[in-house]
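Peer 1: Just a sequence and a predicted model for now, questions to come.
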Amino acid sequence: MKKLLLITVALLSINAFGQGKYEKGMMKAFDLWKNGKSSEASNLFERIAQAEQDNWLPPFYVAQVNIFNSFNEKDEEVLTAQLKKAQDFLNDAKAISKDNPEILVAQAQLYTAWVAFDGQRFGMTYAPKIAQLYEEAYKLEPGNPRVAFGKVEWDLGTARFFGQDTSTFCEDLASAVALFETYEPKGEFHPRGGGDYAKQSLEQNCKKE
């Protein structure tokens, strides 16, 4: 779970050619994020969200920045503030774009950040919700690599936690990884990252003897 932190904006190969204020703002926010200035990126995404109130992407990225920053966070007060902000902006994104698999995955990642922080305290509460969110997202878009990979990785991790054989998940994990090579984002600035981390997960979890 800690390695979800590796899913950074550096993996988002955004190809933007627009010259409008929105496009320039989004490009600048991604550049800030890629260069380790996550707070500045979050603040800029937030300002864009205030201006683009019918666009789910800016609030989605405010949430995503704060979710990713929460993995490996040891200070509960900081974690709580980050995840509360993330939840508020995810709620905004949901209000704009209902039944959106990318938002469902982000919600699952938010809950996973709580479980990663303290599994004993939060596992019983959030584990069933995480599994349900991935199921819902998979029904909506099984060909989305972040959906397919998130679902199988969570299922694999759950099996490992209960001491079950995880080799049965390797085929599905490999299939999910392959989707990153063929999936076409639905638009400019839409999520497209995670492929490198998925490959790393496949290599670590499904080593060939």
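Peer 2: Okay, I see it.

Peer 1: mind listing the helices for this protein?
Peer 2: Assigned by DSSP state H, the helices in the chain fall at 21-34, 38-51, 57-70, 76-96, 101-117, 119-140, 145-161, 170-182, 195-205.

Peer 1: any chance of those in JSON lines, with distance to Glu188, mean neighbour count and mean pLDDT too?
Peer 2: Placement of C-beta: from N, CA and C, glycine included. Formatted as JSON lines, the helices of the chain follow (distance: least, CB to CB, whole Å; neighbours: other CB atoms under 10 Å; pLDDT from 0 to 100):
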{"stretch": "helix 21-34", "distance to Glu188": "7", "mean neighbour count": "18", "mean pLDDT": "96"}
{"stretch": "helix 38-51", "distance to Glu188": "13", "mean neighbour count": "18", "mean pLDDT": "97"}
{"stretch": "helix 57-70", "distance to Glu188": "9", "mean neighbour count": "26", "mean pLDDT": "97"}
{"stretch": "helix 76-96", "distance to Glu188": "17", "mean neighbour count": "17", "mean pLDDT": "98"}
{"stretch": "helix 101-117", "distance to Glu188": "14", "mean neighbour count": "23", "mean pLDDT": "97"}
{"stretch": "helix 119-140", "distance to Glu188": "21", "mean neighbour count": "16", "mean pLDDT": "97"}
{"stretch": "helix 145-161", "distance to Glu188": "17", "mean neighbour count": "21", "mean pLDDT": "95"}
{"stretch": "helix 170-182", "distance to Glu188": "18", "mean neighbour count": "16", "mean pLDDT": "95"}
{"stretch": "helix 195-205", "distance to Glu188": "18", "mean neighbour count": "17", "mean pLDDT": "93"}
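
Peer 1: how far away is the residue nearest in space to the middle of the chain from Tyr61?
Peer 2: Central residue of the chain (CA atoms, centre = their mean): Ala106, 4.5 Å from the mean position. Per CB to CB, to the nearest Å, Ala106 is found 10 Å from Tyr61.

Peer 1: Likewise for Asp172?
Peer 2: 28 Å.

Peer 1: Please list all residues in contact with the closest residue to Leu44 other than its chain neighbours.
Peer 2: Once flanking residues are discounted, Leu44 sits nearest to Ala29: 4.2 Å by CB to CB, 6 or more residues apart in numbering. Taking CB atoms under 8 Å, 6 or more residues apart in numbering, we find Ala29 in contact with 41, 44-45, 48, 61.

Peer 1: ok, now with 6 Å
Peer 2: When contacts are counted by CB atoms under 6 Å, 6 or more residues apart in numbering, Ala29 touches 41, 44-45.
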